[in-house]
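**Student:** just coords:
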């Protein structure tokens, strides 16, 4: 029997039992749809996490002051005065894998403008900080090197501070009060959103020249952190080793003694987030694939019922000259058709359900093209595998006994 004739017979057989065929395909539809939706949601979440990490800065490393031991108690990092401005200069000058280094310190202060006030973080740093953080300006400009050398009272606002102090008004050129000092607003940063991991609002901050914050707000000559940008992502690991070696040498730390500083590589955070996202996507895909297996079992059960119901038809076909291969081919094609049509509807179901989840929960969706291709092919394979036994059973019927079947 020609393949085209076998296809026509399979379509007619399925069309005679539309409801049963539809219910049989339901498991495949749900399985394929679940796989597409789960992968889309998982990939979207992973892409969102990578986007948030990229927003922190390009190839960035964080260098902070270390822990201090007081009476046998380690009180945690950031409690020492181990970092100085010279460390930042040395990192930028002597570490070949470092592109830029921006020193900084910070304090919490109440900020006032007119009859509005807001408690926020005041960070003192240098102009290259915004390049390290890859942080564009919404309006105005950064303070300059002259402002740093002169300890000028100028400020750059984060978007959250701008909203609370100025609303829809233009803050550029306005004077705000930080503590008891007046500061002129020279720039407003573009929104960054929350920080991944900590969930802290990155826009709830004001930046001022490092020397201004050190001398006029804090009265200190040391720094709390250094933001470092490596020349590339791969070079960030080399840069980390170079920084650690340099600071140990500058701080005269003997071999075996603990560091009085910490160096964190954001590439490690990004890799961990990507790995976690991949593991979760794989696990959820395995769970969703179980629905496909259930759909395949449903196809096998229905095809076995179909073989029983059509025993006389099979016997008649065998009696008039059809071969076992012809019968087997017909039932296999029917099973493949159930998988194919179910896979097609499953694609639509998966895409629609992904969009519904995305809009309802404001969750990012990213459906890779390969999933749309692989999922229905897997459904066809499931239909073929689980349809083989019923097809084999139908082809092995004895024609005489089949014709006697009531």
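**Tutor:** Thanks, I have the structure now. Predicted, not measured: the structure shown is a model, and the values here were computed from it.
**Student:** and whatever helix or strand residue 104 lives in, what other elements does it pack with?
**Tutor:** According to DSSP states H and E, residue 104 maps onto strand 98-113. Under the contact criterion of 3 or more Cβ pairs under 8 Å, 6 or more residues apart in numbering; DSSP states H and E, strand 98-113 touches helix 85-94, strand 116-125, helix 129-132, helix 159-166, strand 175-178, helix 210-212, strand 225-230, helix 235-250. In this view, the C-beta of every residue, glycine as well, is placed from N, C-alpha and C.
**Student:** Now do it against strand 116-125, angle only.
**Tutor:** 160 degrees (axes from the mean of the first three to the mean of the last three Cα atoms, to 10 degrees).
**Student:** and among the helices and strands packed on strand 98-113, the most buried is which?
**Tutor:** Highest mean neighbour count among those (mean count of other Cβ atoms under 10 Å): strand 225-230, with a mean of 26.
**Student:** Pull up the pairing partners for it, direction included.
**Tutor:** Its sheet considered, strand 225-230 pairs with strand 60-65 (antiparallel), strand 98-113 (antiparallel) by DSSP bridges.
**Student:** Measure how it sits relative to helix 85-94, angle-wise.
**Tutor:** Using the same axes, to 10 degrees: strand 225-230 against helix 85-94 is 10 degrees.
**Student:** Where does pLDDT dip in the stretch 101-250 of the chain?
**Tutor:** 195-199 (pLDDT under 70).
**Student:** how about stretch 185-193: buried residues?
**Tutor:** 185-189, 192 (16 or more other Cβ atoms under 10 Å).
**Student:** can I get those residues in CSV with secondary structure and distance to residue 246?
**Tutor:** Listed next are those as CSV, based on DSSP: H, G, I helix; E, B strand; the rest coil; distance: Cβ to Cβ, whole Å:
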residue, secondary structure, distance to residue 246
185, strand, 37
186, strand, 33
187, strand, 32
188, strand, 35
189, strand, 30
192, coil, 29
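**Student:** Same list (the residues you listed) but as TSV, adding distance to residue 29.
**Tutor:** Shown next, in TSV, are these (distance: Cβ to Cβ, whole Å):
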residue	distance to residue 29
185	58
186	59
187	54
188	51
189	48
192	42
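**Student:** what secondary structure does residue 385 sit in?
**Tutor:** When classified by DSSP: H, G, I helix; E, B strand; the rest coil, residue 385 comes out as helix.
**Student:** Return the distance of the strand holding residue 104 from the chain's centre.
**Tutor:** 29 Å (Cα atoms, centre = their mean, to the nearest Å).
**Student:** and the angle from that strand to helix 235-250?
**Tutor:** Using the same axes, to 10 degrees: strand 98-113 against helix 235-250 is 80 degrees.
**Student:** thinking again about what came up before, can you put the helices and strands packed on strand 98-113 in JSON lines and add distance to residue 346?
**Tutor:** Output for those, formatted as JSON lines (distance: least, Cβ to Cβ, whole Å):
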{"stretch": "helix 85-94", "distance to residue 346": "54"}
{"stretch": "strand 116-125", "distance to residue 346": "50"}
{"stretch": "helix 129-132", "distance to residue 346": "47"}
{"stretch": "helix 159-166", "distance to residue 346": "43"}
{"stretch": "strand 175-178", "distance to residue 346": "58"}
{"stretch": "helix 210-212", "distance to residue 346": "58"}
{"stretch": "strand 225-230", "distance to residue 346": "45"}
{"stretch": "helix 235-250", "distance to residue 346": "42"}
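**Student:** Which among these is found nearest to residue 345?
**Tutor:** helix 159-166 (45.1 Å; Cβ to Cβ).
**Student:** Contacts for the closest one next, please.
**Tutor:** With contacts defined as Cβ atoms under 8 Å, 6 or more residues apart in numbering, helix 159-166 is touched by 111, 113, 116-118, 120, 138, 157, 171, 174, 176, 188-192, 201, 203-206.
**Student:** Can you give me the buried ones in the strand holding residue 104?
**Tutor:** Counting neighbours by 16+ other Cβ under 10 Å, strand 98-113 gives 98-106, 109, 111-113 as buried.
**Student:** Distance to residue 343 added to those residues, as CSV?
**Tutor:** Shown next, in CSV, are these (distance: Cβ to Cβ, whole Å):
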residue, distance to residue 343
98, 52
99, 49
100, 52
101, 54
102, 53
103, 58
104, 55
105, 59
106, 56
109, 61
111, 59
112, 63
113, 61
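**Student:** and the two most separated of these?
**Tutor:** It's 98 and 112 that sit farthest apart of the buried residues of strand 98-113, by Cβ to Cβ, at 38.5 Å.
**Student:** okay, now residue 360: neighbour count?
**Tutor:** Residue 360: 8 surrounding residues under other Cβ atoms under 10 Å.
**Student:** and the gap between it and residue 354?
**Tutor:** 11 Å (Cβ to Cβ, to the nearest Å).
**Student:** where do the strands sit along the stretch 201-350 of the chain?
**Tutor:** 205-209, 225-230, 261-265 (DSSP state E, counting those that start in this stretch).
**Student:** counting contacts, what elements does the last one pack onto?
**Tutor:** So the one you mean is strand 261-265. strand 60-65, helix 235-250.
**Student:** circling back: Throw the strands of the stretch 201-350 of the chain into a markdown table and include distance to residue 374, thanks.
**Tutor:** Below are the strands of the stretch 201-350 of the chain laid out as a markdown table (distance: least, Cβ to Cβ, whole Å):
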| stretch | distance to residue 374 |
| --- | --- |
| strand 205-209 | 45 |
| strand 225-230 | 37 |
| strand 261-265 | 35 |
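**Student:** which residues in the stretch 301-406 of the chain form helices?
**Tutor:** For the stretch 301-406 of the chain, applying DSSP state H, counting those that start in this stretch gives helices covering 311-319, 324-361, 369-395, 399-404.
**Student:** what's the angle from the strand holding residue 104 to strand 205-209?
**Tutor:** 110 degrees.
**Student:** so strand 98-113 versus helix 159-166, what angle?
**Tutor:** Going by the same axes, to 10 degrees, strand 98-113 makes 20 degrees with helix 159-166.
**Student:** This completes my enquiry, with thanks.
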